[in-house]
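Engineer: Give me coordinates for this.
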Amino acid sequence: MEAKNIKKVACVGAGVIGYSWALYYSLKKLSVNVYDLTDEKLDLAQTRIHESLLNLKQNDVITDEGISEIENRINYTTNMEEAVKDVDFITESGPENYEIKQKMVEEMEKYTKEDTIIASSTSGLLVTEITKNAKHPERFIGAHPYNPPHLIPLVELTKGEKTDEKVLETAKDFYQKIDKEPVVLQKEALGFICNRIQMAVYREVCNLVMKGVCTIEDADKAVTYGPGLRWAIMGPSLVFELGGGEGHIDGLMKHLDSSISLWLHDMADFKDFPKEFPEIARKGVEESLKNRPKEIGNDDASLAEYRDKMLISLLKLHKKL
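Structural biologist: The predicted model follows:
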């Protein structure tokens, strides 16, 4: 299988991640089969796809004609055989549970071609464990998107112990061909790259809030209007490269070494979030939303709308839309 020959894909699991993958694949002019267990789940996926397309139209990404074309490339089914029997690439987006994913692997392998690549959207489970009972574990990879996949370009690729290196390379080529930004883990790691970085940052947010240093709202503002703006342009190592001037990133690290050491020794290193923090975070978010005007999101619905609008603007600057 070569990336250029991937023309038809299946999305097995049509939840928040699965429907978004299906939308993205269709946006890229691929034929898409969407599978889930019930018609109700598929109806919800179809509704979400239509609403997302209307949002893209509102932000001048597609036209009315484009909406029809995109929707017509998507087929919905509750029959696994129909979903996967003649596709070139499968994206599995089932629940984040080894036992469930292992059953899905067994079901998909009953009907799909032997050379069809199967990519799991797992947020951090190990491909080796997901595929431990697979007939053809060599054609399985992990392909973790960032939500929502139809907007955020990142996809983190990882392989299991038995994954064929050629399969990983083909998947990488495929994602690049459809304008994703794949990054490859050199070895398996729970949580992959970005979720680990994200949790490290949020652990320190928790630490600062629990110590009374700042509120949830001000921690969010600090990230949004500080490093978040820079990270939306380039990664932290490139940011530090510029921060180091003529000394480059290594000069910056050496220059700040004594100060950084003090910060790191004062920062959180706990392995479990305090049990009371989720409720504290919820109250902090509710208070923060009260202080936001509706145009930048002051409830879950308007917040998601604002997020997508800003993402689209950033993606246009990155020439990804």
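Engineer: Would you confirm that E156 contacts V127?
Structural biologist: No. With contact defined as C-beta atoms under 8 Å, E156 does not reach V127; the gap is 11.6 Å. To be clear about C-beta, it is placed using only N, CA and C from the backbone, and glycine gets the same treatment.
Engineer: Spit out the residues that contact the two alike.
Structural biologist: G142 (C-beta atoms under 8 Å, 6 or more residues apart in numbering).
Engineer: between those two, who's got more neighbours?
Structural biologist: Per other C-beta atoms under 10 Å, whichever of E156 and V127 has more neighbours is V127, with 26 against 23.
Engineer: residue contacts, that one?
Structural biologist: Residues near V127 by C-beta under 8 Å, 6+ apart: 120, 140-142, 158-160, 163, 188.
Engineer: Please pick the buried ones from those residues.
Structural biologist: Buried residues within the contacts of V127, counting neighbours by 16 or more other C-beta atoms under 10 Å: 120, 140-142, 158-160, 163, 188.
Engineer: nearest to L229, of those?
Structural biologist: Relative to L229, the closest of the buried ones among the contacts of V127 is T158; by C-beta to C-beta it sits at 29.2 Å.
Engineer: and the next element down the chain from the helix or strand containing the closest one?
Structural biologist: T158 belongs to strand 154-159 when elements are defined using DSSP states H and E. Moving toward the C-terminus from strand 154-159, the next helix or strand (DSSP H and E) is helix 165-177.
Engineer: when you compare where that following helix runs with where strand 154-159 runs, what's the angle?
Structural biologist: 170 degrees (axes from the mean of the first three to the mean of the last three C-alpha atoms, to 10 degrees).
Engineer: ok so, going back, which of the contacts of V127 scores worst on pLDDT?
Structural biologist: Note: of those, the lowest pLDDT belongs to E188, at 84.
Engineer: Apart from its neighbours in sequence, what residue is nearest that one?
Structural biologist: Closest residue in space to E188, ignoring its immediate chain neighbours: L126 at 5.3 Å, by C-beta to C-beta, 6 or more residues apart in numbering.
Engineer: so what's that neighbour up against?
Structural biologist: Taking C-beta under 8 Å, 6+ apart as the test, what L126 contacts is 160, 188, 190.
Engineer: Please apply the same query to H248.
Structural biologist: E241.
Engineer: Quick one: the strands in the stretch 51-200 of the chain, in order.
Structural biologist: Along the stretch 51-200 of the chain, the stretches classed as strands by DSSP state E, counting those that start in this stretch are 74-77, 89-92, 117-120, 140-145, 154-159, 181-184.
Engineer: Which elements pack onto the fifth one?
Structural biologist: In terms of contact count using 3 or more C-beta pairs under 8 Å, 6 or more residues apart in numbering; DSSP states H and E, strand 154-159 is assigned the packing partners strand 140-145, helix 165-177, strand 181-184.
Engineer: how about the ones you listed, which one is nearest F277?
Structural biologist: Shortest distance between F277 and the helices and strands packed on strand 154-159, using C-beta to C-beta, is found for strand 140-145: 24.9 Å.
Engineer: what lines up beside that closest one in the sheet?
Structural biologist: Partners of strand 140-145 in the sheet, by DSSP bridges, are strand 117-120 (parallel), strand 154-159 (antiparallel).
Engineer: Just list the residues touching K187, thanks.
Structural biologist: By C-beta under 8 Å, 6+ apart, no residues touch K187.
Engineer: how much space between it and L126?
Structural biologist: 11 Å (C-beta to C-beta, to the nearest Å).
Engineer: Now do the end-to-end distance for stretch 51-67.
Structural biologist: Stretch 51-67 has its terminal residues 10 Å apart, counting by C-alpha to C-alpha, to the nearest Å.
Engineer: Other residues contacting that stretch?
Structural biologist: By C-beta under 8 Å, 6+ apart, stretch 51-67 touches 20, 23, 27, 50, 70-71, 148, 150, 305, 308-309, 312-313, 321.
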